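Engineer: here's my sequence, what's the structure:
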Amino acid sequence: MLPTMLQRLYAASDLLDGFNPFDELGFTLTRDFEVFRQFVSDGGPVPSALETRLSQARHDATIADALKRFLKDVGRPLVGFMGGHAAKRNSPAFADIAKLAWSVAQDGYLIVTGGGPGVMEAAHVGVAFSKNGMDDLERALAKLAATPDYGDLDDLFENDGSLKKSKRKDVMAARDWLAAALDVRSAHSDLAVRCRAHDAVRDALRQILPEQSSRGSARQ
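Structural biologist: Numbering: from 1, shown residues only. Predicted structure coming up:
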């Protein structure tokens, strides 16, 4: 069964709680990874136990209801960015999407994504810097480009739920990938306040989109 879930929309700080950039396996210490590990153990997108299915359904219904209330209170038009995970941070596509989201957010739209990396992370970067000038966004993109991807996070676990030794290098890459994003965000302390609504929508969508939950959770 999944670890205890919140009865409200998630913030990035909720999901990244426990992350340690100085631990080689720091990526696996997050709440997000704990949930993903349990999700896999419970059978992935087709849980093996009825109790688990009911628990997941109750959780998803709670998140969906909280998301509806949030969007009603925000009262802003939405623009969705959905795309593949393959776009690396150092690719022209990543930069183009970030700049597009930057421009759309400046026009007053609330950007929503499925919560994955690649194209969807690029959209979040653009929104995060939408109150800053383009120069700030380009500097952030340059910093992120130094850690372009997160390794191969498929097939991570042994049958007993432990991390495969062969995946240690990939998990270390994911730690560096996440640390780079947090470093960029912390370098602009005002971003944390600005990103709360954006994080809430992203993380809510991750919880209610089964396909994203099954593959995106460990990758974000």
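Engineer: how about stretch 33-41 as CSV, C-alpha atoms only?
Structural biologist: What follows is stretch 33-41, C-alpha atoms only, in CSV (Å, rounded to 0.1, in the frame of the first residue of the first chain):
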residue,chain,number,x,y,z
PHE,A,33,10.9,8.0,-4.7
GLU,A,34,9.4,6.2,-1.7
VAL,A,35,5.9,6.5,-3.3
PHE,A,36,7.3,5.2,-6.6
ARG,A,37,9.0,2.3,-5.0
GLN,A,38,5.8,1.3,-3.2
PHE,A,39,3.8,1.8,-6.4
VAL,A,40,6.0,-0.7,-8.2
SER,A,41,5.9,-3.1,-5.3
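Engineer: okay, buried residues for that stretch please.
Structural biologist: Using 16 or more other C-beta atoms under 10 Å as the test for burial, stretch 33-41 gives 33-37, 39-41. For every residue, glycine as well, the C-beta is placed using N, CA and C.
Engineer: distance between that stretch and the chain's centre?
Structural biologist: Centroid separation for stretch 33-41 versus its chain: 15 Å, with C-alpha atoms, centre = their mean, to the nearest Å.
Engineer: for the buried residues of stretch 33-41, work out which two are farthest apart.
Structural biologist: Spatial extent of these (C-beta to C-beta) is set by the pair F33 and S41 at 12.4 Å.
Engineer: ok, the nearest residue to P77 once chain neighbours are set aside to A128 distance?
Structural biologist: Nearest residue to P77, sequence neighbours excluded (C-beta to C-beta, 6 or more residues apart in numbering): Y109, at 5.4 Å. Distance, Y109 to A128, by C-beta to C-beta, to the nearest Å: 14 Å.
Engineer: who's more crowded, those two?
Structural biologist: Set Y109 next to A128 and count neighbours by other C-beta atoms under 10 Å: A128 wins out with 28 against 17.
Engineer: does the more buried one touch R185 like I think?
Structural biologist: Yes. The pair A128 / R185 is scored as a contact, 7.0 Å apart, by C-beta atoms under 8 Å.
Engineer: buried ones in the helix ranked longest in the chain?
Structural biologist: Using DSSP state H, we find that the single longest helix of the chain is helix 50-74. For helix 50-74, the neighbour count (16+ other C-beta under 10 Å) marks 52, 55-56, 59-60, 62-63, 66-67, 70-71 as buried.
Engineer: distance from the chain centre to stretch 165-175, please.
Structural biologist: Worked out by C-alpha atoms, centre = their mean, stretch 165-175 lies 18 Å from the chain centre.
Engineer: identify the residues contacting that stretch?
Structural biologist: Stretch 165-175 is touched from outside by 21, 23-28, 149-153, 155-156, 163, 218-219, with contacts defined as C-beta atoms under 8 Å, 6 or more residues apart in numbering.
Engineer: restricted to buried residues, select those in PyMOL.
Structural biologist: Burial among the contacts of stretch 165-175 is assessed by 16+ other C-beta under 10 Å; the matching PyMOL selection reads:
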select buried, resi 26+27+28+149+150+151+153+156+163+218+219
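Engineer: circling back to that earlier point, what helices or strands is the longest helix of the chain leaning on?
Structural biologist: If you count contacts as 3 or more C-beta pairs under 8 Å, 6 or more residues apart in numbering; DSSP states H and E, helix 50-74 packs onto helix 196-208.
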